[in-house]
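Peer 1: sequence and computational prediction follow.
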Amino acid sequence: MLDLIILGLHFFICFLISIAIWCGPKDVDLHSSSTGGAETERDGLIFIGKEEDIKKSQRITAKVDGREIVVFYHEGKFHALDSRCYHEGGPLCRGEIEDIDGQACIVCPWHKFKITLETGEGLYEGINPQEPTPTPKWQSKGVKQRIHKVTIDNGNVYVSPPDLSVSFDSDYFAEKYKNGGELAMGK
């Protein structure tokens, strides 16, 4: 009988530990200026992380004014954009980076939408049916994904808060997942 009690207690403790792990933080480095987690420096810039740490990991997610963003380090440059794809809210932090016509693009892992890291433009491959031999060419849908200005200062990476006076398609999902973050990513 004592064995059953000890075994039951063991399973209960394991259950509590698994709940704590499941509900715990999911990111390497998560900051939020709205809760005081991120440091705001002069000029309103928000500290994201150490330059060397981000270079090693190649990407990091953070919260800026409650909005989840992803910062990529690719081919010697830092890029920051909303972490949710403008199309259906896919987690861009889990996407692969591809070169498309000389532009670095993040590919959404859910539906393979391609977004330039530099400008936030959505790209698609289309044809002109009026050409004698139509061949697919990469074309722009326009800027769909909000990008964020990155500043490097003394080995630290900062982003500027978003200018919400201009709207982008990605704003819908940034707002929808504002409080969910990684937990709302739909695994």
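Peer 2: Received the coordinates, thanks.

Peer 1: now do the strands in this protein.
Peer 2: 46-50, 59-64, 67-74, 77-82, 96-100, 103-107, 114-116, 121-126, 137-143, 147-148, 150-153, 156-159 (DSSP state E).

Peer 1: by contact count, what packs against the longest one?
Peer 2: With contacts taken as 3 or more CB pairs under 8 Å, 6 or more residues apart in numbering; DSSP states H and E, strand 67-74 sits against helix 51-57, strand 59-64, strand 77-82, strand 156-159, helix 171-176. For glycine as for every other residue, the C-beta is placed from the backbone atoms N, C-alpha and C.

Peer 1: now the strands of the chain in JSON lines, with mean neighbour count and distance to Lys178?
Peer 2: What follows is the strands of the chain, written out as JSON lines (neighbours: other CB atoms under 10 Å; distance: least, CB to CB, whole Å):
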{"stretch": "strand 46-50", "mean neighbour count": "20", "distance to Lys178": "16"}
{"stretch": "strand 59-64", "mean neighbour count": "23", "distance to Lys178": "9"}
{"stretch": "strand 67-74", "mean neighbour count": "22", "distance to Lys178": "6"}
{"stretch": "strand 77-82", "mean neighbour count": "22", "distance to Lys178": "11"}
{"stretch": "strand 96-100", "mean neighbour count": "12", "distance to Lys178": "25"}
{"stretch": "strand 103-107", "mean neighbour count": "20", "distance to Lys178": "20"}
{"stretch": "strand 114-116", "mean neighbour count": "23", "distance to Lys178": "20"}
{"stretch": "strand 121-126", "mean neighbour count": "16", "distance to Lys178": "22"}
{"stretch": "strand 137-143", "mean neighbour count": "14", "distance to Lys178": "21"}
{"stretch": "strand 147-148", "mean neighbour count": "22", "distance to Lys178": "15"}
{"stretch": "strand 150-153", "mean neighbour count": "14", "distance to Lys178": "21"}
{"stretch": "strand 156-159", "mean neighbour count": "22", "distance to Lys178": "16"}
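
Peer 1: to Ser167, which of those strands lies closest?
Peer 2: strand 137-143 (10.7 Å; CB to CB).

Peer 1: Lys63 versus the residue nearest the centre of the chain, what's the distance?
Peer 2: Against the mean C-alpha coordinate of the chain, by CA atoms, centre = their mean, the closest residue is Ser83 at 2.5 Å. Separation of Ser83 from Lys63 (CB to CB, to the nearest Å): 9 Å.
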